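J.: quick one, structure for this:
(chains A, B and C)
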Amino acid sequence: MSKDTEKKGITSWIDERLPVFTFINHNLRDYPTPKNLNYFWNFGSLAGVTLVIMIITGILLAMQYTADTDLAFDSVERIMRDVNNGWLLRYIHMNGASMFFIIVYIHIFRGLYYGSYKYPREILWMLGVVILLLMMATAFMGYVLPWGQMSFWGATVITNLFSAFPVVGDYIVTFLWGGFSVDNPTLTRFFVLHYLLPFAIVGVVALHLVALHQFGSNNPTGIDVKSDGDTIPFHPYYTVKDYFGLGVYLIIFAALVFFAPNFLGHPDNYIPANPLQTPAHIVPEWYFLPFYAILRAVPDKLMGVLLMFAAVAVLFLLPWLDKHRVRSAQFRPYYKQFYWLFFIDCMILGWVGAMPAEGIYVTISRAASIYYFAFFLIIMPILSRYEKIGELPSSISSAVLSDKFDKGTENYAK
Amino acid sequence: MKKTTTQAKKDSSQIDEEKRDFLFVTTAGLAIAGGAVTAVSLVNTMNPAKDVLALSTTEVDLSPVEEGQSLTVMWRGKPIFIRHRSQEEIDSASNVSIENLKHKATDDSRVENPKWLVVVGVCTHLGCVPLGQKIGDSKGEFGGWFCPCHGSHYDTSGRIRKGPAPLNLEVPPYKFVSDDIIKIG
Amino acid sequence: MKVMILSPALISGATSDVKLMEQKWPFNGIFGRFDESSLQRGFQVYREVCAACHGIRHISYRDLKGIGYTNDEIKVIAADYEIVDGPNDEGEMFDREALPSDKFVGPYENDKIARLANNGAYPPDLSLIVKARANGADYLYSLLNGYKDYPENFEASEGMYYNEFYPGYQIAMPSPLMDDIVEYSDGTEATQEQIAKDVTSFLAWTAEPELEERKSLGVKTLFFLILLTIMLLGVKRKIWKDVE
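T.: Next comes the predicted model:
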């Protein structure tokens, strides 16, 4: 790197002792990136930006919030009414949680489609699943803090899941509550953990990036980078692409915050928590609905809970369930079809998760749950053995080029 | 194809430089301005909220305070010392030669009505609350207030006369809404 | 609008099967604004009718500035209410006139008394009611106009009233409104529908006093972001020109 030697004065003085500038240069400027990434590769950086937005708004909210069962609801209303721009702060944070999940789910589905979890990126993928788990815990505890009806009953139902475990179940639940029901000790510890966990997420995100930069990004063809001709420097190409993606993202985010701030929420959460009266339908936040559907699909309490946890845990095993040597679904005609079926399946699970657990909905949720697990545990291993594929392009550049031939001059090849 | 690779292989900063045209600069400027406005409006949430500002004025009924007595009220989280001064105290405050004062101010300039002295009861040195409001308190060498933290003496006009404090006790904004009622703030 | 299916707000159990009487509210939509005179009339309805049983505890008297009252008018309104303060220097609680900085004084000292006075039913606080129900404004308007006689074969409970919009159809609140139950000083005809409309508007405001500020800031923000994004697309195209 010739630039480093050219650097003069304070920058090089610092860099020699603490190579931050070399680090930035290496990881954010010259960092060689496949030149054929599509817009689905924007979602990693969008997730990072959302995490930062959530932490900043969260810290500012924590300065105004009171974690006490008698005061929590009113302190949130005070933020909405009396704190300068408090409503903006809270609506950004509230809808930011939803946006975060939308972004991360798309990020995951992208990885699933292009085989980003395969060798040599297994740990990168598993760290991502850890981030997802931490996000779920954080989001769940955050939803409890306003201490509305849904906060309270959501906390009661979810913590009660642990009572399904034989022998130790009840002890675990009492331990989680710090008492004999969801009450002040629960609220206080949820607040503390809700504040703490995001910083743990930041730590895992850092590891996620280290693992990513070890081998660099995957790409839509799933073919390894073969030569310098396959890559371009991250800056300015992908920085500007990320900025543009961020602009589009912020437009959607702002539309939600300013014009439909409660669209994704539940009206019952504007009723203060009442331990004596359960709302007619308890529904988790939308991002938990698919898992909630799996939970309810099983008639047995313990099995339901185990399957729900398994639905996330199975993601850890993904690199060993799908051992097909081709990464991208682009070149796997069968996997591609099962993939889209799986995508629709997840949508269906989300939808039945919001419906009452009766009649036809139970049947649908069972069928959808079965496909969910079958996709990972049966279809993937079978396909990795038997799925035949045609010839792959020899490199990223030739793939990009042949793509252009296909579209433009089909007869040219003849 | 060949052109693509050579172009792409240029040093990133070199490309950077070439693209730094008008569109680039205006876009960056707009983005930075937007970021700055967002940052300011978010940080603004830390300023006093509407309910805090609503409590920033206090009305005090002075009628129960006899001559020579003092009253302490809270205003914006700070104690306000109100003293119903005797003629003696008024005289001793106004007969001081201004030249000898550390922080020069006439007694006249510090009161609305000479009978009533209203000051913020926070020592201008390091923020302790001076003694002298309660019966039996030390009022310091000048009959006003005495700060126990570092030994500042204030006179019957609340002016600093001896000790490390640099300024006189602050006079809060207030006015008489009637003969017996003042509105602070 | 396929996304609508996923909105938990619409799956809420707080609605009955009857279609709500949908109204054109001036505060709906991207450029929605409150109608100030309707809010003031609604406040009058709240004070003269609803306030006997329902509080609006998240609202301070000073907030009335938001519906167009001056500081002096607010002082007079606040002084109508008595609030318990203290302890004073003698260690006793005392009553005083409410100040603009106080929250609205509710009708009952605590929940228990409220239930006792209302046959065991608790009249909910109204400051957030429009946000706390699915399609809050339409629901509230419908509820206020939805009282009917018990249909035949419906087993009526004592002290309950039939309302086709209330979940379970039986509500403990007797029909609160009728024509001319209030007299509007601005000459608006006080029909039941008008009264219901005004008080619903007022309660939409108590639920979301930030609505106008939010929407106008939203329009500006979106305008800015769309402009910036278009420019970023231009920059992106320029930089990527030689790669494709």
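J.: and the residue nearest the centre of the chain?
T.: No chain was given, so I picked chain A. The C-alpha lying nearest the average C-alpha coordinate of chain A belongs to residue A:104 (C-alpha atoms, centre = their mean; 2.8 Å).
J.: not quite, go with chain C.
T.: residue C:203 (2.1 Å).
J.: related to what we said a few turns ago, which residues touch the residue nearest to the centre of chain A?
T.: By C-beta atoms under 8 Å, 6 or more residues apart in numbering or on different chains, the contact set of residue A:104 is A:43, A:47, A:131-132, A:135. (C-beta placed from N, C-alpha, C; glycine too.)
J.: quick one: contacts for residue A:238?
T.: For residue A:238, the residues meeting the contact criterion (C-beta under 8 Å, 6+ apart) are A:33, A:37, A:41, A:232.
J.: got the buried residues for the lengthiest helix in chain B?
T.: The single longest helix within chain B, with elements called by DSSP state H, is helix B:22-43. Under the neighbour-count criterion of 16 or more other C-beta atoms under 10 Å in any protein chain shown, helix B:22-43 has B:24, B:27, B:31, B:34, B:42 buried.
J.: care to break the chain down by domain?
T.: If you meant another chain, say so; for now it's chain A. Domains of chain A are assigned by automatic domain parsing as A:24-282, A:283-387.
J.: that's the wrong chain, I meant chain B
T.: Domains of chain B are assigned by automatic domain parsing as B:2-46, B:53-184.
J.: deepest-packed of those, please.
T.: Stretch with highest mean neighbour count among the domains of chain B: domain B:53-184 (a mean of 17; mean count of other C-beta atoms under 10 Å in any protein chain shown).
J.: list the contacts of residue C:186.
T.: So residue C:186 contacts C:37, C:41 (C-beta under 8 Å, 6+ apart).
J.: reformat the buried residues of helix B:22-43 as a markdown table; add pLDDT and distance to chain A.
T.: Conversion of the buried residues of helix B:22-43 to a markdown table gives the following (pLDDT from 0 to 100; distance: C-beta to the nearest C-beta, whole Å):
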| residue | pLDDT | distance to chain A |
| --- | --- | --- |
| B:24 | 89 | 9 |
| B:27 | 94 | 9 |
| B:31 | 95 | 8 |
| B:34 | 96 | 9 |
| B:42 | 95 | 6 |
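J.: and those residues as TSV, adding distance to residue C:149?
T.: What follows is the buried residues of helix B:22-43, written out as TSV (distance: C-beta to C-beta, whole Å):
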residue	distance to residue C:149
B:24	73
B:27	67
B:31	64
B:34	59
B:42	55
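J.: what would those residues look like in TSV with distance to chain C?
T.: As requested, these are exported to TSV (distance: C-beta to the nearest C-beta, whole Å):
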residue	distance to chain C
B:24	6
B:27	4
B:31	6
B:34	6
B:42	13
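J.: so residue B:74: helix, strand or coil?
T.: strand (DSSP: H, G, I helix; E, B strand; the rest coil).
J.: surely it touches residue B:56?
T.: No. Residue B:74 is not in contact with residue B:56 according to C-beta atoms under 8 Å; the separation is 11.7 Å.
J.: overlap in contacts, these two.
T.: Common neighbours of residue B:74 and residue B:56 (criterion: C-beta under 8 Å, 6+ apart): none identified.
J.: for stretch A:63-78, the distance to its chain's centre please.
T.: In terms of C-alpha atoms, centre = their mean, to the nearest Å, the centre of stretch A:63-78 is found 28 Å from the chain centre.
J.: max pairwise distance over the buried residues of helix B:22-43: which two?
T.: B:24 and B:42 (27.0 Å; C-beta to C-beta).
J.: what about the residue nearest to the centre of chain A, which helix or strand?
T.: Taking DSSP states H and E as the definition, residue A:104 sits inside helix A:86-113.
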